[in-house]
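Engineer: Output the structure for:
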Amino acid sequence: MTTLERTRSALLVIDVQNDVVQNAHQRDEVVATIARALARARASATPVFWVQHSDDYLSIDSYGWQIVPELVPLANEPIVRKLYRSSFEDTDLEELLAKADVGHLFICGAETNNCVRSTSHAALERGYDVTLLHDAHTTTGYEWNDHELAASQIIDEQNSSFWRYQLPGRSASISATDDADL
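Structural biologist: Model prediction:
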C-alpha cells in the first residue's frame, strides 16, 4: 500500500551498538531476536540496512559506537551513519532504499522511544509502509519530571501506538519477528 512505486521490503536495524544497548531492557533476548530477523531476511534475500548513531557521547570508531558482536553486518549490507534520531535526517538512507527498490521497512533496534520511534514515523511520512518488529526493539528506563519510566512500558507504548496506525496510502503494523514476512 506504500505511496512509493517500489516493490521490495527491507530489514532496517537501528543503533544496536555496544553503549546504546548495554543496559537495555532484555538486551540479550532482543539481540537474539534481531539475529533471528537477520537470518530470516538473509535467507529470503531481503535487503538489510544498518544504522549507527554517533554524538558527543558515542564517538565514531569507539568501542561503544561499534555494533554489538552478536550481530555482524555482511559486506553487501549498507551501514548508514547518523547524528539525529531519525535515520533519514541528513543521511543517504533514502537514496540507498530507492536504489534497492524498497517501499516497505521492517524495523528493529534501539532505542524504542528515540531512534526507533523517530525513524518509524519518518519512514511513514516519506511514503513507506512500516512493520515494527514488536519483540525486536528495546530501550532503557529513565526518570523524567520526578516520574520513573520503565523500559517495558516504553516498549509497550510504542507497540500499541503503532498498531494499525495509518497515513494516506501507507500503513504501519506490528509483528512478532517469527511471524513477519521477511
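
Engineer: Assumed residue 94 was part of a helix.
Structural biologist: Yes. Looking at residue 94 with DSSP: H, G, I helix; E, B strand; the rest coil, it is inside a helix.

Engineer: What's the local residue count around it?
Structural biologist: Neighbourhood size, residue 94 [other Cβ atoms under 10 Å]: 16. C-beta here means a position set from N, CA and C on the backbone, and glycine is covered the same way.

Engineer: element containing the residue nearest to residue 18 when sequence neighbours are not counted, please.
Structural biologist: Leaving aside its sequence neighbours, residue 18 sits nearest to residue 64 (Cβ to Cβ, 6 or more residues apart in numbering; 5.0 Å). Using DSSP states H and E, residue 64 falls within no helix or strand.

Engineer: hang on, residue 64 packs against residue 56?
Structural biologist: No. Using Cβ atoms under 8 Å, residue 64 makes no contact with residue 56, being 11.9 Å away.

Engineer: Next one: residue 51 from residue 32, what distance?
Structural biologist: Residue 51 is 19 Å from residue 32, where distance means Cβ to Cβ, to the nearest Å.

Engineer: hang on, I meant residue 145
Structural biologist: 34 Å.

Engineer: Confirm that residue 74 lies within a helix, as I assumed.
Structural biologist: No. Using three-state DSSP, the assignment for residue 74 is coil, not a helix.

Engineer: burial measure for it, as a count.
Structural biologist: For residue 74, the count of nearby residues is 9 (other Cβ under 10 Å).

Engineer: low-scoring stretches of this structure, by residue?
Structural biologist: The model of the chain has pLDDT under 70 over residues 1.

Engineer: the strands in it, which residues?
Structural biologist: Secondary structure of the chain (DSSP state E): strands at 8-14, 48-53, 79-82, 102-110, 129-138, 142-144, 147-149, 166-167, 170-175.

Engineer: coming back round to it: neighbours of the residue nearest to residue 18, just the number please.
Structural biologist: Neighbour count of residue 64, defined by other Cβ under 10 Å: 13.

Engineer: ditto for residue 132
Structural biologist: Counted with other Cβ under 10 Å, residues neighbouring residue 132 total 26.

Engineer: which ones are touching it?
Structural biologist: Residues in contact with residue 132 (Cβ atoms under 8 Å, 6 or more residues apart in numbering) are 107, 108, 116, 120, 158, 159, 162, 172, 173, 174, 175.

Engineer: swap in residue 8?
Structural biologist: Contact analysis of residue 8 by Cβ under 8 Å, 6+ apart lists 46, 47, 100, 101, 102, 103, 104.

Engineer: What separation is there between the fourth one and residue 179?
Structural biologist: Between residue 101 and residue 179 the computed distance is 24 Å (Cβ to Cβ).

Engineer: Fine, thanks again, bye for now.
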